[in-house]
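**Student:** Got a predicted model here, sequence first, then my questions.
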Amino acid sequence: MAGSPRPAPATGPATTTDGSARMGGNTLRILVATDCHLGYLEKDEVRRFDSFATFEEICSLAVKNKVDFLLLCGNLFHENKPSNSTLVKAIEILLRYCMNDCPVQFQVISDQAASLQNRFGQVNYEDPNYKIGLPVFTIHGNQDDPTGLDNLSVNDILTAGNLLNYFGKTDLGCTSVGKVKIYPLFIRKGETYIALYGLGNIKDGRLKRMLHEPDAVNWMQPEIQDETLGPDWFNILVLHQKRTRGSPRDAISELLLPRFVDLVIWGHEHECLIDPQEVPGMGFHITQPGFSIATSLINAEANPKHVLLLEIKGREYRSTKIPLQSVRPFEYAEVVLEDQVDVDPGDEATICEHLHKVVNNLIEKSREGAPTGSKPMLPLVRIKVNYTGYSMINSKQFGQHYVGKVANPQDILLLTRSRQRHQTMQESCNISEELCTNDLNQETVEALIADSNLKLEILSVDDLNSAINDFVKEDDKTAFHACLQQNIEEAINKLTTAKEDSVDQEKLQEKESQSKERTSSQNLQTDTLSVFEKQKCLTTTEEKEQQALDSDDDEPIESSDPEESGSQQAGKKRRAAPGGGGSTAASWRRKTDLASFQRVPAKEDDANAAKKRRAPIAAGRYGAVIRRN
């Protein structure tokens, strides 16, 4: 794949909306949308149905253009656990547009169980019990991501009902950075082969570390045995992360993505930048469809909303942006009061009068852009007001004048000021300070934990960040239990692995010990035999000397006569002297007391001097020496 040519936009007129190109052929048609946020502001009387109206329009555009499938890039739902009302409305829309008798003209030729997150292990349109005419493929975003002990989300619920094809789901565990393998869906239509990679939302800081670490993210590519005969794959990557272009902190840079990808579809960002843009030096293009509805009243949301019609044939693709007509109009403006001539800093009435003019002009502008023949929707209006040096007005009271005229009367004004240091300080800085209550709680839980300098010894900070985020934002009551349980399981696995390694090491040491024992046993037997031979020789010598002493037939004569005792002492001295012999030595030996006799040690017995002072010994079996008490 590394040596394959890069895609170039296809030439020629765009395919008509009658969908004549769908049936058969080699052109694969995909409708791409992202961040539908079903259920957003479902308790607001004016805006509660906005997300469902836009999602229904997206599905109708897919049917109208007769695309092969609908591709969603995360955050289909605004919450991980939507209300029953939201879930029912979503199911009704999917049943209305996805279940029909239209034939599906493409095939998934890869191992579906490795890519799809369902118990069936196959795409939903291959189930004979369901008639799926419009397959929907989706990844999860940061709002509808899987949580809990079983790592489930609302996407898993719809997948279990065979309404979605959920892919790009990963399980990183709780410890260290984590490793993951991305298995693509291999899709074939005629002579067009597509590898569709999906990467659901991962905490941006963690994914950033994973992409910097070698082999932490493994992209499984199709095997090509012969580049001349094998198919030429077109690689698409779908992900839902922060992008460096809009939010540099903990964002994912395009330079960290794999180079073999041909087209990247980027979700999560609000602004609609749907025209594919080439990344210099990387060889691929990026398209950013943006939010389908406005959830943050910022300048990036004021741009018109679109979906992308993507047509792929071989190695060429063509993109066509289709505007969404059901999106509530949104007008945005910025006002700096000190730049306005007709505004008096000390007169609050002139300030309100000027701002009322701006709001009315925005309302008229929204009505001009409304489609003809339809009832205009109440617009969203936001004015960012820099009131530095002017008295602050009551934004809630100001918005009461527009109830029934705009959809957001409670937060029309976003009051900001340039905070200046006191005159006693030499430096001054202009820092934008937003005072809108809706924007005060924008600091993430991860940032709060990072600022507190926590040093955890059992759980990691990343695990605690994820658990707190799921508990607070996703209302997941089992977040901490799931985090602890996963840490325990990983610790048990590590201990089991370490124990197995220890057992193997002990077995190896035991074998080495047994070998050493056998060697030492053989040496001990050899040493014992030599000792026994030496002892046998010594014992034989002692027996011979003892027999020489006891060889005379006559018994020793004991006498109480002092003269005889003296003669015995003299004979003893003569007997001890060497050189005696003959009958004279024999006669003196008969009169000698054997209890006081000591043999003169030989030179070879010096090493065994201690044995001579022991009790009398006798020879045993096999030359051994047995002591007698």
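**Tutor:** Looks like it arrived, so ask away.

**Student:** Low-confidence ranges, the stretch 151-300 of the chain, go.
**Tutor:** Of all residues in the stretch 151-300 of the chain, those with pLDDT under 70 make up the ranges 173-176, 224-230, 245-248.

**Student:** Helices along that one, start to end?
**Tutor:** 154-160, 204-212 (DSSP state H, counting those that start in this stretch).

**Student:** if you compare the ones you listed, which one is most tucked away?
**Tutor:** Each of those was assessed for mean neighbour count using mean count of other C-beta atoms under 10 Å. The highest is helix 154-160, with a mean of 21. Yep, even glycine has a C-beta here, placed from its N, CA and C like the rest.

**Student:** distance of Q112 from F260?
**Tutor:** 22 Å (C-beta to C-beta, to the nearest Å).

**Student:** before we move on, back to that, could the helices of the stretch 151-300 of the chain go into CSV alongside distance to L337?
**Tutor:** Conversion of the helices of the stretch 151-300 of the chain to CSV gives the following (distance: least, C-beta to C-beta, whole Å):
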stretch, distance to L337
helix 154-160, 45
helix 204-212, 37
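
**Student:** looking at these, which is closest to V327?
**Tutor:** Using C-beta to C-beta as the criterion, the shortest distance between V327 and the helices of the stretch 151-300 of the chain is 22.9 Å, found for helix 154-160.

**Student:** now for the closest one, which elements pack on it?
**Tutor:** Here helix 154-160 touches helix 84-98, strand 165-166, going by 3 or more C-beta pairs under 8 Å, 6 or more residues apart in numbering; DSSP states H and E.

**Student:** Check the contact between H240 and D144; I expect there is one.
**Tutor:** No. Proximity of H240 to D144 does not meet the contact threshold set by C-beta atoms under 8 Å, at 9.9 Å.

**Student:** Now for the two: what residues contact both?
**Tutor:** With C-beta atoms under 8 Å, 6 or more residues apart in numbering applied, the overlap between the contact sets of H240 and D144 consists of 74-75.

**Student:** Around the closest residue to L255 other than its chain neighbours, count how many other residues there are.
**Tutor:** Once flanking residues are discounted, L255 sits nearest to M282: 6.7 Å by C-beta to C-beta, 6 or more residues apart in numbering. When counting by other C-beta atoms under 10 Å, one arrives at 17 neighbours for M282.

**Student:** Give the full set of residues in contact with M282.
**Tutor:** Under the criterion of C-beta under 8 Å, 6+ apart, the contact partners of M282 comprise 254-255, 257, 259.

**Student:** got it, and Q410?
**Tutor:** Residues in contact with Q410 (C-beta under 8 Å, 6+ apart) are 396, 399.

**Student:** From R47, how far out is it?
**Tutor:** For Q410 relative to R47 (C-beta to C-beta), the value is 12 Å.

**Student:** does the nearest residue to S395 once chain neighbours are set aside have beta-bridge partners, and which?
**Tutor:** Distances taken as C-beta to C-beta, 6+ apart place L413 nearest to S395, at 4.2 Å, with adjacent residues excluded. Note on L413: beta-bridge partners by DSSP bridges are I383.

**Student:** same thing with the one 5 residues further on?
**Tutor:** S418 has these beta-bridge partners by DSSP bridges: S432.

**Student:** What's the local residue count around K405?
**Tutor:** Applying other C-beta under 10 Å, I find that K405 has 13 neighbouring residues.

**Student:** In this structure it contacts I363, no?
**Tutor:** Yes. The criterion here is C-beta under 8 Å, and K405 meets it with I363 at 6.3 Å.

**Student:** that older thread, tell me the most packed of the contacts of M282, by neighbour count.
**Tutor:** The most crowded member of the contacts of M282, judged by other C-beta under 10 Å, is L257 (21 neighbours).

**Student:** For it, which residues are in contact?
**Tutor:** 211, 237, 264, 282, 284 are the contacts of L257 under C-beta under 8 Å, 6+ apart.

**Student:** ok, the nearest residue to V180 once chain neighbours are set aside - contacts?
**Tutor:** Leaving aside its chain neighbours, V180 sits nearest to T170 (4.7 Å; criterion: C-beta to C-beta, 6+ apart). Taking C-beta under 8 Å, 6+ apart as the contact definition, T170 lies against 180, 182, 199-200, 202.

**Student:** per-residue pLDDT, Q105?
**Tutor:** Per-residue confidence at Q105 stands at 94 (pLDDT).

**Student:** Ignoring the adjacent residues along the chain, who's closest to Y387?
**Tutor:** Closest residue in space to Y387, ignoring its immediate chain neighbours: L337 at 5.2 Å, by C-beta to C-beta, 6+ apart.

**Student:** Now the residue nearest to L255, what are its backbone angles?
**Tutor:** phi -110, psi -30 (degrees, to the nearest 10).
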